[in-house]
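*Asks:* I would like to see how this sequence folds:
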Amino acid sequence: MKQIIACLLLLVFAASAAHAERRVALVIGNSGYANVAELKNPYNDAKGMSDKLTDLGFDVVTGLDLSLRDMRQTVREFIKKLDNADLALFFYAGHGIQVNGENYLVPVDAELSTHLDLDFEALPANLVLNAMEQSTKVNLVFLDACRNNPFTENLARSMGTRSSAVGRGLAKIGSGVGSLVSFATQPGNVALDGDGENSPFTTALIKHLGTPGQDITRDLVMVRRDVLEATKGQQVPWDNSSLTGEVILKQLEMVQPVEPEKPAINPQIELAYWDSIKSGESIAYFETYLTRYPEGQFADIAKIRIDELKSRSEAEAARNAKPDTSAEIAFWQSIQNATRPEMYETYLEQYPDGIYAKLARLNISSLQQQAEAAATAAAAAAKAAKAADASNSTSPAQEITVAALPQQETVSTEPAPAIVPSTSSRSLSPEELATAMQTELNRLGCSVGRVDGDWGNRSRQALRIFSREAGVDLASLDPDPSILDRLKQSTGRVCPLTCGRNQELKNGKCIAVRQEAPSKSNEKSNSTKTVQSSGACPANPTASSRRLVHFNNRQITATITHPCGRQVTCNRNLKSGTQPTCFWR
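*Replies:* Residues are numbered from 1 along each chain as shown. Predicted coordinates for the structure are as follows:
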């Protein structure tokens, strides 16, 4: 009892769902042509399809033996009904013609004496198809208009050398998403009108369209089978589909189906069927063949083709699943020559296991080492300046010690072995390499002045003095990774201490030459200079510069002049929101 109730509820639900779906259809059949021989079946085909679609719940607009004016009026009436429709269907039987790849439906009053008459006497098929695709998500088109056409001969004669533009049958139609276009035969071929009341194609459509619970694509497979049998393999229906889901014109009724009697297998029909699908790229073609001919002549080949298509589909899916690294590569190319660690840190935040993650970490380590070396040099300079200021504040008669590197162990003058550039040195940009070499030269007492990455005459002169004092032969005075590694290996002072103006060398230090006490008028000036000189730049540029620099919403780098007179560059990380990091330039 419960099973019976469940079946009844399922039937009610299916009926209500079918009733809720709004379907519209346009059916046109032209047989009684005035200027060429009449066709036998299109009139009957259109009437049969109209009745069939009405039974399937379509609101049908039907036109029989229409002139061009009547065809346009009928099409207009159909287009008005497309609004808010869930499913649209168009069926045409009669003469059709293709010229330059475009299909035209021929009304019964057409003459088409010359190719100039085409646009004035025939209806473009795309006029209907485009209106359907613009208004309705699911569209079905059936064209039984591929008959041997006398209009084709007239147009070909009138076009002379351009007669090749007039093709046999109809041209292939590209369907939009959610559409299916079905032809009575392959594009460019001619279909048969048939000996019965309807054409072979329409007969099969009326029979199989709307098979309960069956998808439209399966309906068309059965239509193709019947047409092949009816025409003894001469006519093979063809369709082009871009449907995105199943289209079932009639829901399955809860009635035990009667298994049809299997017809005897005709080898010629099987061969024709196989020829029509053997070049197909869809697994469904070969599965349908195996269903029809499980022990057929080509069963083994069909199984092999199914395996090949499955393997190809899986390989394509695997290729599509492979991650796209183009965005990461483009990101890296935009920062690969950066001189600020936070640029590489930003890359690592987004791609922690990226292609260039290891290289990014190496660059960060190298830049941090350079920053530490620069900070050490700045701290030493600040300490020396502070000592000089303290000495100046005592008595003019006292000795004044100015900034000087401590005299340490003597550097060996023996020729150094060949230096192979380290990996970190090779990865530095030209500006970073120049900055690192200037820092090392200052550490060794070979003064280059300000460490700014600008490799000028003063830097070359300092490197020349280092080469002379260390006994190292250099092939060039320009920045080079091998020279940088040689500088890093040196310890203690290499270049001799050179005292500045109003200073003299005494006990390994530069001391100020004693001068007469300045007059009172000069004391104020000297006091002012002392205050200015005492403003040495702090060792920690970050702590002293955060409050001085300001960023806009998108800015990550800003450069200002510190009150001590040096330029300082501060960077911030937009993602982490941490305080900016600053370093001396």
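
*Asks:* OK, contacts around the closest residue to residue 127 other than its chain neighbours?
*Replies:* Closest residue to residue 127 apart from its sequence neighbours, by CB to CB, 6 or more residues apart in numbering: residue 75 at 6.6 Å. C-beta coordinates here come from the backbone N, C-alpha and C atoms, glycine included. Contacts for residue 75 were tallied using CB atoms under 8 Å, 6 or more residues apart in numbering; they are 26, 123, 127, 128, 131.

*Asks:* From the residues you listed, which land in helices?
*Replies:* Using DSSP state H, 127, 128, 131 are the members of the contacts of residue 75 that sit in helices.

*Asks:* quick one: the second one from residue 92, how far?
*Replies:* Think residue 128. Using CB to CB, to the nearest Å, we find residue 128 at a distance of 8 Å from residue 92.

*Asks:* that older thread, and which of the contacts of residue 75 is nearest to residue 567?
*Replies:* Distance to residue 567 across the contacts of residue 75 (CB to CB) is lowest for residue 131, with 69.3 Å.

*Asks:* That closest one contacts residue 79, correct?
*Replies:* Yes - assessed by CB atoms under 8 Å, residue 131 is found in contact with residue 79 at 4.8 Å.

*Asks:* picking that back up, specify which member of the contacts of residue 75 is nearest to residue 477.
*Replies:* The closest of the contacts of residue 75 to residue 477 turns out to be residue 131 (CB to CB; 79.6 Å).

*Asks:* Count the residues that sit near that closest one.
*Replies:* Residue 131 has 19 neighbours, counted by other CB atoms under 10 Å.

*Asks:* go on, residue 44?
*Replies:* 20.

*Asks:* where's it relative to residue 116, distance?
*Replies:* According to CB to CB, residue 44 and residue 116 sit 33 Å apart.

*Asks:* cool, and residue 381?
*Replies:* Noted for residue 381: a distance of 93 Å to residue 116, by CB to CB.

*Asks:* ok, now residue 29?
*Replies:* From residue 29 over to residue 116 (counting by CB to CB), the distance is 27 Å.

*Asks:* any weak-confidence spans in the stretch 151-300 of the chain?
*Replies:* For the stretch 151-300 of the chain, the stretches with pLDDT under 70 are 152-169, 171-172, 174-175, 188, 254-263.

*Asks:* scratch that, the stretch 1-150 of the chain
*Replies:* For the stretch 1-150 of the chain, residues meeting the criterion pLDDT under 70 lie at 1-20, 146-149.

*Asks:* Can you show me the strands along it?
*Replies:* Using DSSP state E, counting those that start in this stretch, the strands assigned to the stretch 1-150 of the chain run over residues 23-29, 58-64, 87-93, 96-99, 102-105, 123-124, 138-144.

*Asks:* who wins for proximity to residue 331 among those strands?
*Replies:* Of all the strands of the stretch 1-150 of the chain, strand 138-144 comes closest under CB to CB, at 43.0 Å.

*Asks:* now the angle from that closest one to strand 87-93?
*Replies:* Between strand 138-144 and strand 87-93, the angle comes out at 10 degrees (axes from the mean of the first three to the mean of the last three CA atoms, to 10 degrees).

*Asks:* chain center to strand 138-144, what's the gap?
*Replies:* With CA atoms, centre = their mean, to the nearest Å as the basis, strand 138-144 stands 34 Å off its chain's centre.

*Asks:* What subset of the contacts of residue 75 is buried?
*Replies:* For the contacts of residue 75, a burial check counting by 16 or more other CB atoms under 10 Å picks out 26, 123, 128, 131.

*Asks:* follow-up on the earlier one: looking at residue 29 and residue 116, which one has more neighbours?
*Replies:* residue 29 (27 against 12).

*Asks:* how far away is that one from residue 42?
*Replies:* Distance, residue 29 to residue 42, using CB to CB: 4 Å.

*Asks:* for residue 370, same thing?
*Replies:* Distance from residue 370 to residue 42, counting by CB to CB: 87 Å.

*Asks:* Out of the two, name the residue with the larger neighbour count.
*Replies:* residue 42 (29 against 21).

*Asks:* And for that one, nearest residue in space, chain neighbours not counted?
*Replies:* Per CB to CB, 6+ apart, closest to residue 42 is residue 93, 3.7 Å.

*Asks:* quick one on the thing from earlier: got the contacts of residue 75 as JSON lines, with distance to residue 453 columns?
*Replies:* Output for the contacts of residue 75, formatted as JSON lines (distance: CB to CB, whole Å):
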{"residue": "26", "distance to residue 453": "77"}
{"residue": "123", "distance to residue 453": "76"}
{"residue": "127", "distance to residue 453": "71"}
{"residue": "128", "distance to residue 453": "72"}
{"residue": "131", "distance to residue 453": "69"}
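
*Asks:* ok, of the residues you listed, which one's closest to residue 203?
*Replies:* Nearest member of the contacts of residue 75 to residue 203, counting by CB to CB, is residue 26, at 20.4 Å.
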